[in-house]
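**Q** Show me how the following folds:
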Amino acid sequence: MPAFHKLSQLYARPGFLLRRAHQISAAVFEDECRSVGLTPAQFGVLSVLRARPGLDQSSLARALGFDKVTVLRVLRGLEKRGLIERVPAPTSRRNLAISLSEAGLKLLQQAQEPAERAYDRLMGPLNTAQRAQLVELLQLLTEGLEAEARAAFVPPDAEAEAA
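**A** From the prediction side, this is the model:
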């Protein structure tokens, strides 16, 4: 009986449940977006670049809370597929400005409906009030512990305001 008690404690831990929820979220997204061939990370990068074309790699990483290795890996895959373009930044030749290509914009538009289906599937077990509460609690948790993150999260608008 003690082993079960310890397992029930493990399975009730927020870290365990957050990791499991992330696994499920990624699986649902990839299932719905299989037709457009996008992962959650790729969708995030394309979405940020649509909203803020010309970001440099570091700003893009911060806009998604990615580490430099992750954003580089995602960018290489998107560039190989012709979905993004990297050109020298107008303000600094050492930095590259990243933008969506026409193909990238078209694919992102095609991904909107499957991404919405993924969201609806993920949130399906919750009613409207629970959905809002979950998002609010996750925002409180992530904002309250931002200093503990391995990779900084700085939305592009916040970065521009700080500059």
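
**Q** lowest-confidence helix or strand of the chain?
**A** helix 156-162 (a mean of 67; mean pLDDT, DSSP states H and E).

**Q** where exactly do the helices run in the chain?
**A** 2-11, 14-32, 40-51, 57-64, 68-80, 102-123, 128-144, 156-162 (DSSP state H).

**Q** for those, which one sits closest to residue 90?
**A** helix 57-64 (14.2 Å; C-beta to C-beta). Any C-beta I mention is one placed from the backbone N, CA and C, and that applies to glycine too.

**Q** And the contacts of that closest one?
**A** 41, 44-45, 48-49, 52, 55, 66-68, 70-72, 75, 95-96, 98, 151-156, 159 (C-beta atoms under 8 Å, 6 or more residues apart in numbering).

**Q** excluding its backbone neighbours, what's nearest the most centrally placed residue in the chain?
**A** Centroid-nearest residue in the chain: residue 44, 4.4 Å away (criterion: C-alpha atoms, centre = their mean). Among residues not flanking residue 44 along the chain, residue 64 sits closest, at 5.1 Å (C-beta to C-beta, 6 or more residues apart in numbering).
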